[in-house]
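1. structure for the following, please:
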Amino acid sequence: MSSTRNPLFTASCLALVIISLTVVVKKWHFGLRSGAGAPNVDLTRDRLLQQLKERQRELLPFYITPPGQQLDGNSPLFSNGDTRRNETSEGSAASGIGCRELSGMTVVDFLGAGYTKTVLKVVLQQGTDVALKSVNEQGTDMMSCLEDFRDPQGCQELVSFKLRKEIVLLQRLQHPNIVKLRGQCQDSGLVGGIVAVLEQGTPVQMIQLLQSPWEERFRVCLGLVRLLHYLSHSPLGSVALLDFQPRQFVMMSGELKLTDLDDASVREPSCRTDSDCVLQFPLRNFTFACSASGLCEGLNEMRNLYNAYRYFFIYLLPHQAPTTLKPLVDQIMNTTGELKHSVNETLEVFEEVLHVFKSGLHLQNMPSSIIKEYTVVKGMRTAGNMDYRCWPSYEQQACVLSVHSALEAAHICSSHPQCTSFSLSSQKTWTGRLLASFRSGFSQLLPDVSSTVYMRSAKA
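-> Modelled structure (predicted):
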């Protein structure tokens, strides 16, 4: 499509969105009016209709494209008319999975539920595992709406707006640390209403993360900072995660991913004075300047950063950080805990930590003579191992740690009284570091071209 047609195309698509949402609300409203009775019933219905219109207006900013951005004409954002038909076909075309693909699904697990939504693990006919997010019919939001308005259809429409908002945001916000929207469907007969189909992760378990190696905990925090950097400069503007807690995230192959976006805000708070730009947290508050444009500029970014500090960094970063990296880690903790640095500056320090850790620069002062205490046997692996446990290990019943080189592994083995040997293989961590297996003994050596065994010399 030529550049001269893009503004008209975007405007027409936006109009279709407004018409589509308006038709849904009006159709429901006229249905109510046909059975209108007492004045107090009409008043209740009018209140519900007003809330539906407000939710409709809340969605509109997410469809508006900032200058220089373009919407994808194939996006399911623009479904209209026959909702079931369009979301089935366009959901498949744009996102891969639509109503047709969900018709043969099998529910295999309940992943969780909140005030608004329920998440199930389902397997599609072709064997693909996905997460299915739908309105929680027994949730707090639905029960509260039914108590207030006593209208199941209207409440289904009202409560589903949060899920619709999340679908739109997942279409607009693309980042490795945000779960991918695999598809969507709106079919009351098949799935009970509107559903979002997401790539499937596992809920964040902080206790498990606390027990994992520092390298893996750092990976979680690094991914989180990269995500916050993206949200600060997203296509929609600066995005604030108003409900920022570990339960809003999932883990996928060691990476942290944001999965809950229905409470995100893309507007910086308006203000008249600095007192309007206050971030309030349980243990402390921060006050920022009100800009000349009447906005608390940067408040969304700082809200996200301090929440990352109090929910993730404070637990995962400092404990067992490599000694030579502690000054950089302490810098991160101090600047985020006091909100002295922006997300950009914080990310720079995180990337510096990653560079130093991957390159082994933090090991420069390690004495090289220690490797001479070991006999090297290449192309062999051990069998009949007598393992011992160390913490934190990559294996629960053995001592498996990541190392930059054989020299670092030798230093670790020499610091463990029970260690008599270690071996290195081709296995590597996400940073490219080697996995070393430490043991107190073994019964024999077997050929293995990908393994090298280092045996500690007995001291006289």
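2. tell me which helix or strand of this protein sits lowest on mean pLDDT?
-> Of all the helices and strands that make up the chain, helix 83-95 has the lowest average by mean pLDDT, DSSP states H and E, namely a mean of 38.
3. after that one, which helix or strand is next? Please name it.
-> The C-terminal neighbour of helix 83-95 among helices and strands, as given by DSSP states H and E, is helix 99-102.
4. so what's the gap between that following helix and the chain middle?
-> Helix 99-102 sits 25 Å away from the centroid of its parent chain (Cα atoms, centre = their mean, to the nearest Å).
5. now it: buried residues?
-> By 16 or more other Cβ atoms under 10 Å, the buried positions in helix 99-102 come out as 99, 101-102. Heads up, the C-betas are built off the backbone N, CA and C, glycines and all.
6. in terms of secondary structure, what does it contact?
-> Where contact means 3 or more Cβ pairs under 8 Å, 6 or more residues apart in numbering; DSSP states H and E, helix 99-102 is packed against helix 83-95, strand 181-187, helix 188-191.
7. can you map out the strands along the stretch 201-350 of the chain?
-> Here the stretch 201-350 of the chain has its strands, by DSSP state E, counting those that start in this stretch, at 202-203, 240-241, 249-252, 255-258, 264-265, 278-280, 285-287.
8. mean pLDDT added to the ones you listed, as TSV?
-> Below are those laid out as TSV (pLDDT from 0 to 100):
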stretch	mean pLDDT
strand 202-203	92
strand 240-241	96
strand 249-252	96
strand 255-258	98
strand 264-265	92
strand 278-280	96
strand 285-287	96
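9. shaky segments in the chain?
-> In the predicted model, the chain carries pLDDT under 70 at residues 1-41, 64-95, 188, 190-192, 459-460.
10. mind running it again at 80?
-> The chain contains residues with pLDDT under 80 at 1-42, 61-96, 187-192, 458-460.
11. ok, and what's touching the strand ranked longest in it?
-> What stands out as the longest strand in the chain, according to DSSP state E, is strand 444-456. Around strand 444-456, the neighbours that count as contacts under Cβ atoms under 8 Å, 6 or more residues apart in numbering are 373-384, 406, 409-410, 413-414, 419-426.
12. check stretch 282-294 too.
-> Against stretch 282-294 from outside (Cβ under 8 Å, 6+ apart): 270-279, 296-299, 302, 306, 339.
13. I'd say residue 402 and residue 435 touch.
-> Yes: Residue 402 lies in contact with residue 435 (Cβ atoms under 8 Å); the separation is 5.9 Å.
14. how about the helices in the stretch 1-150 of the chain?
-> Taking DSSP state H, counting those that start in this stretch, the helices of the stretch 1-150 of the chain run over residues 6-34, 39-63, 83-95, 99-102, 140-149.
15. ok, now how distant is residue 133 from residue 400?
-> 36 Å (Cβ to Cβ, to the nearest Å).
16. cool, and residue 259?
-> Counting by Cβ to Cβ, the gap from residue 259 to residue 400 is 30 Å.
17. more neighbours, the two?
-> More crowded of residue 259 and residue 400, by other Cβ atoms under 10 Å: residue 259, with 25 against 19.
18. pretty sure that one is touching residue 252, no?
-> No: counting by Cβ under 8 Å, residue 259 stays clear of residue 252, with 9.5 Å between them.
19. if I look at these two, which residues touch both of them?
-> Here residue 259 and residue 252 have 179, 201 as joint contacts, going by Cβ under 8 Å, 6+ apart.
20. and residue 104, how many neighbours?
-> Using other Cβ under 10 Å, residue 104 has 10 neighbouring residues.
21. ok, it touching residue 123?
-> No: look at residue 104 against residue 123 with Cβ under 8 Å: they stay out of range, at 9.5 Å.
22. ok so, going back, buried subset of the contacts of stretch 282-294, written for PyMOL?
-> Selection of buried members from these for PyMOL, criterion 16+ other Cβ under 10 Å:
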select buried, resi 271+276+277+279+296+297+298+299+302+306+339
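23. which residues touch the closest residue to residue 165 other than its chain neighbours?
-> In this structure, residue 165 finds its nearest non-sequential neighbour in residue 262, 5.4 Å apart by Cβ to Cβ, 6 or more residues apart in numbering. Contact partners of residue 262, counting by Cβ under 8 Å, 6+ apart, are 116-117, 162-163, 165-166, 169.
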